[in-house]
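1. sequence below, structure please.
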Amino acid sequence: MTDLTDTTGAPIIQLVADVRGMIPSFYGPPSGAERVWVDFGAGRTGLVSVTAGERLVQHQAAPDPHQDRAYVDEKLVNYLPRTGADLQVPAGTDWARWIVPSAVDINGSAWKLKTSDGTDYTRLRNSGALLIDTIGVRAALCIGAPAYGANQAVINVTNSKATTTTTASVFRVQGDGSVVSSGTVTATNVGNARVYSGPNAPSSPRAGDVWVQYG
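-> Below you'll find the model as predicted:
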């Protein structure tokens, strides 16, 4: 090896042991070898790099010494976006699926909104029920449907598995605000109020009367 230096960085032509067999301190080779085998006539001896400890400390303090974090960021950016990123979901695909117990579970939540103090608010239960609680005084559910008309359901309750069609609908709110119910609508009268139903308003209403219009 001819590419050795002393501790100041000056090139060393040769290493010469003293009378006790000790050799002066040196650096090299620059190839990054961790062990150098030498033989000064008394058998081969392995010299271990003296910078191993320093490099270990630097390695431990480095933000991404193995580049695994950069790799994960690169690979997962299309699966789990960072804060503020856009998630691209191709048509006809599911972004994520939460697998919940097949038995009825009314306590576990697949998704939960919490505040910094640990208070639970809106939760999506493992049973599929959605419990909406707001932080502060706000409308709990707001639906904007400006393109919906009288024949299009904004809220649709069915007697079968949830669907956007109205073939199995038992209760729905149309886009124009009208309510369609296949069951009985029960309301508490106010005092001696009377309940009327029909296409036309009652001829002689009085305060507290209820008129359910249908056409």
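2. quick check: pLDDT value at Ser25.
-> You'll see Ser25 listed with a pLDDT of 86.
3. residues contacting it?
-> Residues counted as contacts of Ser25 (Cβ atoms under 8 Å, 6 or more residues apart in numbering) are Asp6, Thr7. Backbone N, C-alpha and C define where each C-beta goes, glycine included.
4. what's the helix or strand for it?
-> Of the helices and strands defined by DSSP states H and E, none includes Ser25.
5. roughly how far does the nearest residue to Gly28 once chain neighbours are set aside sit from Trp211?
-> Once flanking residues are discounted, Gly28 sits nearest to Leu4: 3.8 Å by Cβ to Cβ, 6 or more residues apart in numbering. Here Leu4 is placed at a distance of 103 Å from Trp211 (Cβ to Cβ, to the nearest Å).
6. what do you get for Pro29?
-> Distance from Pro29 to Trp211, by Cβ to Cβ: 99 Å.
7. could you list the buried residues of the lowest-mean-pLDDT helix or strand in the chain?
-> Counting by mean pLDDT, DSSP states H and E, the chain has its least confident helix or strand at helix 68-76, which shows a mean of 81. By 16 or more other Cβ atoms under 10 Å, helix 68-76 has no buried positions at all.
8. need the CA coordinates for that helix. CSV is fine.
-> Below are the C-alpha coordinates for helix 68-76, written out as CSV (Å, rounded to 0.1, in the frame of the first residue of the first chain):
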residue,chain,number,x,y,z
ASP,A,68,-34.9,3.9,3.8
ARG,A,69,-37.1,6.9,4.7
ALA,A,70,-36.6,8.5,1.3
TYR,A,71,-37.4,5.1,-0.3
VAL,A,72,-40.6,4.8,1.8
ASP,A,73,-41.7,8.4,0.9
GLU,A,74,-41.1,7.7,-2.7
LYS,A,75,-43.0,4.4,-2.8
LEU,A,76,-45.9,5.3,-0.5
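9. oh, and call the first residue 35 from now on, that's how I've got it
-> Sure, I'll start numbering at 35, so the last one becomes helix 102-110.
10. what's whichever helix or strand comes after it in contact with?
-> Remark: after helix 102-110, the chain's next helix or strand is strand 143-148, criterion DSSP H and E. Under the contact criterion Cβ under 8 Å, 6+ apart, strand 143-148 has outside partners Trp132, Val134, Asp154, Tyr155, Thr156, Arg157, Leu158, Arg159, Asn160.
11. check what pLDDT the residue nearest to Gly62 gets.
-> pLDDT recorded at Leu38 is 88.
12. that one against Phe60, yeah?
-> Yes - the criterion here is Cβ atoms under 8 Å, and Leu38 meets it with Phe60 at 5.0 Å.
13. list the residues that contact both of the two?
-> Overlap of the contact sets of Leu38 and Phe60 (by Cβ under 8 Å, 6+ apart) consists of Ile46, Leu49.
14. output stretch 140-154 as CSV, nothing but the C-alphas.
-> Below are the C-alpha coordinates for stretch 140-154, written out as CSV (Å, rounded to 0.1, in the frame of the first residue of the first chain):
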residue,chain,number,x,y,z
ILE,A,140,-71.2,-1.5,18.6
ASN,A,141,-68.1,-0.1,20.5
GLY,A,142,-65.2,-0.3,18.0
SER,A,143,-64.7,2.4,15.4
ALA,A,144,-63.1,2.0,12.0
TRP,A,145,-62.7,5.8,11.9
LYS,A,146,-62.8,8.4,14.6
LEU,A,147,-62.4,12.2,14.9
LYS,A,148,-60.8,13.3,18.1
THR,A,149,-59.6,16.6,19.5
SER,A,150,-56.1,17.2,20.9
ASP,A,151,-57.5,16.7,24.4
GLY,A,152,-58.7,13.2,23.5
THR,A,153,-62.4,13.9,23.2
ASP,A,154,-64.3,11.7,20.7
